[in-house]
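In: from the sequence below, what's the structure:
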Amino acid sequence: MYRDTIDSVVLVAPEEGQGTGFVYDDSHVVTNAHVVGDADEADVRFSSGEWQTGRVVGRDRASDLAAIELDGRPEMATPLPLGDSEATVGQEVVVIGNPFGLGGTLTSGIVSGVNRSIPSPTGFPIPDAIQTDAAVNPGNSGGPMMSLDGEVLAVINSGGGDNIAFGISAALTTRVVPELIRTGGYDHSFIGAAFTPVTPEIAEGNDLDRPRGLAITAVLDDGPAADVLRASDDQTVVDGQTVPVGGDVLLAIDDRSLTTTEELGSYLALNTRPGDTVDLTLLRDDEETTIPFELGTQPDRA
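Out: Next up is the predicted model:
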């Protein structure tokens, strides 16, 4: 697998800093938005030692992805396929990149977790992320996390602590990158509310029959949910824990039951776009109700 793919993994060196990328199609390389920063250009070095200067044609801070256009690529640097099946916990993976400038470094591990939420440069979480215990260090950012079949499962985003590293899933990359190449940016769906899973303590504090769904703890005043969704307006203490009281509980989106905020984030990221109308099933005033809800556009708040 390493011999078959190393020629497609590149060093990405903008004016400041460096990272990793990989060949996406005949004329583009994918890397992290935080690797290219605000640069308009970045130097790209292939495993053969050949350098090219590429133009940053798109970046999305919310998913931490960027696309670099090249005038050409070495013949042996073929596009790496993005996986079209979900990664599974325990699956063996490898990471190829340039940690600390050490070109062509391979580390290995397993998928440690799926459907994680990880920080983005915008301050909102990146959903549907993949966790691995493969060694990842500065310089790996933007490189591929790959299956042993040679498919990219994720784009490395962060790592370096206690055998925990994360990547942006192939599913999200597949949605974002074509739009970056076509338009230079990507808009993400946004509800404009804060949620927390309903625990036994929250259920007891709100006189619910059982823990289920996501309690709405805040609603952005000028966001899509303003005057549509109700946030908790009080607090109480249950078994020594302070819990929110009042407000709606989000039970499902488009008939998909929700138990974690990660499930909600992944559904929005992988199945919707701003302007779409989704059905939100709420528990409001002890009764279930379903309302249509028009999604807004996630702001860049950082």
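
In: can I get the longest strand seen in the chain as PDB, trimmed to CA atoms?
Out: In the chain, assigned by DSSP state E, the strand with the most residues is strand 105-119. The C-alpha atoms that make up strand 105-119 are tabulated as PDB, following Å, rounded to 0.1, in the frame of the first residue of the first chain:
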ATOM      1  CA  THR A 105       6.800   9.000   7.100                       C
ATOM      2  CA  LEU A 106       4.400   6.200   7.600                       C
ATOM      3  CA  THR A 107       2.700   5.400  11.000                       C
ATOM      4  CA  SER A 108       0.100   2.800  11.600                       C
ATOM      5  CA  GLY A 109      -2.800   2.100  14.000                       C
ATOM      6  CA  ILE A 110      -6.400   1.400  14.100                       C
ATOM      7  CA  VAL A 111      -9.600   3.400  13.900                       C
ATOM      8  CA  SER A 112     -10.200   4.200  17.600                       C
ATOM      9  CA  GLY A 113     -13.600   6.000  17.200                       C
ATOM     10  CA  VAL A 114     -16.000   7.400  14.600                       C
ATOM     11  CA  ASN A 115     -18.500  10.200  14.500                       C
ATOM     12  CA  ARG A 116     -16.400  12.500  16.700                       C
ATOM     13  CA  SER A 117     -16.600  16.300  16.900                       C
ATOM     14  CA  ILE A 118     -13.300  18.100  16.700                       C
ATOM     15  CA  PRO A 119     -12.500  21.900  17.000                       C
END
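
In: sort out which residues of that strand are buried, please.
Out: When burial is assessed from 16 or more other CB atoms under 10 Å, strand 105-119 yields the following buried residues: 105-107, 109, 111-112, 114-118. Quick note: C-beta positions are derived from backbone N, CA and C, even for glycine.

In: show me what Ile126 is bridged to.
Out: Ile118 (DSSP bridges).

In: residues near it, how many?
Out: Ile126 has 27 neighbouring residues, counting by other CB atoms under 10 Å.

In: and for Tyr267?
Out: 19.
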